[in-house]
Structure formats: structure tokens, C-alpha cells
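Student: I would like the atomic coordinates for the input below:
(chains A and B)
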Amino acid sequence: NAGVTQTPKFQVLKTGQSMTLQCAQDMNHNSMYWYRQDPGMGLRLIYYSASEGTTDKGEVPNGYNVSRLNKREFSLRLESAAPSQTSVYFCASSEALLRDSYEQYFGPGTRLTVT
Amino acid sequence: AQSVSQHNHHVILSEAASLELGCNYSYGGTVNLFWYVQYPGQHLQLLLKYFSGDPLVKGIKGFEAEFIKSKFSFNLRKPSVQWSDTAEYFCAVSLLMDTGRRALTFGSGTRLQVQP
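Tutor: As a prediction, this is how the structure comes out:
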């Protein structure tokens, strides 16, 4: 079991460029999430997907789009990168949103720098 | 709005010292509570969690946390820290939203540095 995997691990973009962060999980989880982590601010939820075929905005969705490609994969896209999007991005998954066993499993993160 | 507060941003301890990291949340409904740890260069891992029952929860690596409902707190403790406990610790609260869905809100984190 690889758990939650993310690609790439590091990325440097110029302002205005676009890119897609990839995330996959092999735990047959229904729910997946994208967070960004900034110093002193903890993790903030960007988007989540309760189940295959659904996506919802989190706390900080502006400037991002997501796609739940299938049950395993959940991608995050930056259409026009801005320096404010410099951050570490974490993908996570959990068995479900509503069940008591609401434990999230995290990927290793993608460190993105926008110049 | 619901929030999670971790008042200790950076804690420095010597090995064998006792640890207590504070976590408070602002929400009056049913909550599930978590502590996650992020070791240098690694991803977040679950230390312990509380859903119901005994408010004193034991986790991995000798950590424990106590849920005090009247104080809206879920403080993390360890009697004797080791150098390998150097990491960043995040408190998280799972709240039941009006939509019927749960959302996980994280605190800003506490960086623990243990000196040998």
C-alpha cells in the first residue's frame, strides 16, 4: 500500500503559468481533499470531494480548480499562478466524510514556488 | 466562525522534560478531535483522536490528550519528551456543518524543538 501519493514533489512556476498537481490514493477511500500549508497558518482546505463525481469548495478555493477523475485520483489545477500561491500543498483522503472514523491520511506534499 | 487555536507557536524543551501543548476550539456542537504530527520533511501523521467515551485518549509514542468539554480544550501531553519528538504538532477539529457534512479545521501548529 502506497497510501496517498502526490506528484510532483517540487515545482517552480512563473507568474501566470498553469500547472496541475496530481494526487492518488490506493485505500479505496471515498473522500479526498486538497490543503495548503503556510507558515503560522496551519493547513487550510482548498477543495474537497466527498465522493467520486462531487467536489466542493473549502476555505480558500479562489485561484484553484479540481477534478475528481475517478475514485483514486483528485487533481488540483492552478490556471494562472500567482506569488500568493507559493505554498506546500497536501492531498489527503478519508474513508468518508460523515462516518465516525473520520481520519484523514496525508500525502507527502508538493512544494510550489511562484516567482 | 468556528476556529481552532494553538497558543504555543514554538516550544523548546530539553530531553526528559514534560510536554503540554494547548488546543482550544470555538464550536458548541458535536466535535471529533485529532492531533497530527509532522516530522521534519515528512507528511502529517495521526497521533491520536477522540470521538466519544473516555476523555483521556492515548496515542502512539507515549502521547495522550484530554478532552475537557467545559473548556473546549483538547491538550496534548507527554510525560518525558525525546529528541525524536522534534516536529510540528497540529490540533484539528472535525465539525458537523449545516450541510450535514463534516469539515476538518486545523490549528496553526506548534513547533516543538527538543534539545538533547
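
Student: okay, strands next: where are they in the chain?
Tutor: Unless you meant another one, I'm taking chain A. A:4-7, A:10-13, A:19-25, A:31-38, A:42-49, A:56-57, A:65-68, A:74-78, A:87-94, A:105-106, A:110-114 (DSSP state E).

Student: could you do chain B instead?
Tutor: Using DSSP E, strands in chain B cover B:3-5, B:10-14, B:19-21, B:24-26, B:31-38, B:45-50, B:56-58, B:64-68, B:73-78, B:87-96, B:102-106, B:110-115.

Student: sorry, back to before: can I get the strands of chain A in CSV with mean neighbour count and mean pLDDT?
Tutor: For the C-beta atoms, the positions are set from N, CA and C on the backbone; glycine is no exception. Shown next, in CSV, are the strands of chain A (neighbours: other CB atoms under 10 Å in any protein chain shown; pLDDT from 0 to 100):
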stretch, mean neighbour count, mean pLDDT
strand A:4-7, 18, 96
strand A:10-13, 14, 96
strand A:19-25, 19, 97
strand A:31-38, 24, 93
strand A:42-49, 22, 90
strand A:56-57, 14, 88
strand A:65-68, 18, 97
strand A:74-78, 20, 97
strand A:87-94, 24, 94
strand A:105-106, 20, 92
strand A:110-114, 18, 96
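
Student: possible to save those strands as JSON lines with distance to chain B?
Tutor: Listed next are the strands of chain A as JSON lines, based on distance: least, CB to the nearest CB, whole Å:
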{"stretch": "strand A:4-7", "distance to chain B": "8"}
{"stretch": "strand A:10-13", "distance to chain B": "12"}
{"stretch": "strand A:19-25", "distance to chain B": "12"}
{"stretch": "strand A:31-38", "distance to chain B": "8"}
{"stretch": "strand A:42-49", "distance to chain B": "4"}
{"stretch": "strand A:56-57", "distance to chain B": "8"}
{"stretch": "strand A:65-68", "distance to chain B": "15"}
{"stretch": "strand A:74-78", "distance to chain B": "16"}
{"stretch": "strand A:87-94", "distance to chain B": "7"}
{"stretch": "strand A:105-106", "distance to chain B": "4"}
{"stretch": "strand A:110-114", "distance to chain B": "11"}
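
Student: lowest average pLDDT across the strands of chain B?
Tutor: Among the strands of chain B, strand B:102-106 carries the lowest mean pLDDT, at a mean of 79.

Student: ok, that one: who's next to it in the sheet?
Tutor: When pairing is defined by DSSP bridges, strand B:102-106 lines up against strand B:87-96 (antiparallel).
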